[in-house]
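Colleague: kindly return the folded structure for what I paste below:
(one chain, ligands or ions: 1)
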Amino acid sequence: MARYRIGVLECDGIGPEIVRSSVSVLKAATGDGPALDLAPLPAGLDALQRLGQALPAETITTLEQCHGWIMGPHDSESYPISERSKRNPNAELRHRFDLYANIRPARAYPNVPALAPTMDLVVARENTEGFYADRNMFLGSGEFMPTPDVALAVGLFTRRGAERIARTAFHLAMARRKKVAIVHKFNVLRLTYGLFLDVCREVAKEFPEVEVEDFHVDNMTAQLVRRPGHFDVILTTNMFGDILSDLTGELSGSLGLAPGLNAGDTHAMAQAAHGSAPDIAGRGIANPVAEILSTAMLMRWLADKHQDVSARTAAERMERAVLRTLESGVRTGDLGGSANTEAFTGAVIGNIGRE
Ligand code: ATP
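Modeller: So this is what the prediction gives:
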């Protein structure tokens, strides 16, 4: 039987609530395999307070030995000022493990109110470059201030970065409705987005069955509202992908439904698209769907990487159980329901048992 070592990092805000929920659902879905060796690891504010580091060295060393991990959100705003200039745990892990593809699906569900009930798409976001100053440099920050009144930001756009996220996006499209929309801002950032667009179009030639369109990012925000059902895979850069995936998550029902996988060539990290939601943290009312479905994405990634049917079966069980639970009308408060995190999780696990 396949065996996977999976790190579990609860992190901040609603992290402990949604990560615990996801782990319970994962355990229920893998009852007859694959075998899981779950490794709880310190990270976030709690680790900072207890161990002096938001991402302790032992956590990183253990993650190197893991096949993948489940990560909660971080709330770096709550960290002491001295910590805020450092990379937060999330950015540090994306950078260190070269998790270059951030895959963020957004789909509406039956019986769940949504502004865009026809939406069913995936955002493929480049995750290591662009204007994200905390991860686009080998050393130092991509943001700096030559005088107290002048601030500069450096953007990084490489052929390799564009090529690998483009290939990820086109492979995704081949398994879906075979459509890719490239999102850029070539009209004002002609060199950087010119390179990104050119490379994406070159990669597109390897996938002649896939229909390709391209949009300026401002136009894309309007198009997503006007015809949300039109889009299949959105291929874009780091910052645009971050912004667009909040929009697509909310349009398809709630940010609490929007999962994410941060994938590299050797490791992958399951992490919901939303943040730490400090306004509802600790109240037991967070929607765990995004984190549960992120965990299912991790199982699918492991299934593909290790040619393992049992990991795929576990992912499908988790996805079907979430779908059934939502269809049956059990919903958390963000979706207009009254179930708390525990009750919702219990309903999902009950639906796995009913298969
Ligand atoms: P970040 O910049 O760290 O991604 P953010 O500024 O986008 O974070 P979030 O923490 O994602 O903000 O929260 C935005 C809003 O969505 C908040 O009102 C929060 O309560 C709500 N929200 C986010 N995730 C969930 C969830 N899982 N369940 C219920 N509500 C959520």
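Colleague: for the stretch 251-355 of the chain, which segments count as strands?
Modeller: Assigned by DSSP state E, counting those that start in this stretch, the stretch 251-355 of the chain shows strands spanning 261-263, 268-270.
Colleague: including mean neighbour count, could the ones you listed go into JSON lines?
Modeller: All C-beta spots, glycine's among them, are computed from the backbone N, C-alpha and C. What follows is the strands of the stretch 251-355 of the chain, written out as JSON lines (neighbours: other Cβ atoms under 10 Å):
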{"stretch": "strand 261-263", "mean neighbour count": "25"}
{"stretch": "strand 268-270", "mean neighbour count": "27"}
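Colleague: can you list those strands in JSON lines and add mean pLDDT and distance to residue 233?
Modeller: As requested, the strands of the stretch 251-355 of the chain are exported to JSON lines (pLDDT from 0 to 100; distance: least, Cβ to Cβ, whole Å):
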{"stretch": "strand 261-263", "mean pLDDT": "98", "distance to residue 233": "14"}
{"stretch": "strand 268-270", "mean pLDDT": "98", "distance to residue 233": "18"}
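Colleague: okay if I get the ones you listed as JSON lines plus distance to residue 87?
Modeller: Supplementary listing: the strands of the stretch 251-355 of the chain in JSON lines, determined by distance: least, Cβ to Cβ, whole Å:
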{"stretch": "strand 261-263", "distance to residue 87": "14"}
{"stretch": "strand 268-270", "distance to residue 87": "15"}
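Colleague: just so I know, which of those lies nearest residue 297?
Modeller: Residue 297 lies closest to strand 261-263 among these, at 4.1 Å (Cβ to Cβ).
Colleague: next one: the closest one to chain centre, how far?
Modeller: In terms of Cα atoms, centre = their mean, to the nearest Å, the gap separating the centre of strand 261-263 from the centre of its chain is 6 Å.
Colleague: how far away is the residue in the chain that the ligand sits nearest to from residue 245?
Modeller: Distance from the ligand to each residue of the chain (Cβ to the nearest ligand atom) is smallest for residue 275, at 2.1 Å. In this view, residue 275 and residue 245 are 12 Å apart by Cβ to Cβ, to the nearest Å.
Colleague: list the buried residues of stretch 184-193.
Modeller: 184, 185, 186, 189, 192, 193 (16 or more other Cβ atoms under 10 Å).
Colleague: need the contact list for the third one.
Modeller: Right, the one you point to is residue 186. With contacts defined as Cβ atoms under 8 Å, 6 or more residues apart in numbering, residue 186 is in contact with 193, 194, 197, 216.
Colleague: and it, backbone torsions?
Modeller: Reported as degrees, to the nearest 10, the phi and psi values for residue 186 are phi -60, psi -30.
Colleague: chain neighbours aside, what residue packs nearest to it?
Modeller: The shortest distance from residue 186 to any non-neighbouring residue, by Cβ to Cβ, 6 or more residues apart in numbering, is to residue 193 (4.3 Å).
Colleague: how close does the one you found sit to residue 347?
Modeller: Looking at residue 193 against residue 347, where the rule is Cβ to Cβ, the gap reads 45 Å.
Colleague: out of the buried residues of stretch 184-193, which one sits closest to residue 96?
Modeller: Taking the buried residues of stretch 184-193 together and measuring to residue 96 by Cβ to Cβ, the closest member is residue 192, at 24.5 Å.
Colleague: once you drop chain neighbours, what's closest to that closest one?
Modeller: Per Cβ to Cβ, 6+ apart, closest to residue 192 is residue 157, 4.2 Å.
Colleague: just residue 275 next, same as before
Modeller: Nearest non-adjacent residue to residue 275 (Cβ to Cβ, 6+ apart): residue 73, at 5.0 Å.
Colleague: that neighbour contacts residue 281, doesn't it?
Modeller: No - Residue 73 is not in contact with residue 281 according to Cβ atoms under 8 Å; the separation is 9.7 Å.
Colleague: ranges for the strands of the chain?
Modeller: Ranges of strands within the chain are 3-9, 35-40, 68-71, 101-107, 120-126, 143-147, 150-153, 179-184, 211-216, 233-236, 261-263, 268-270, based on DSSP state E.
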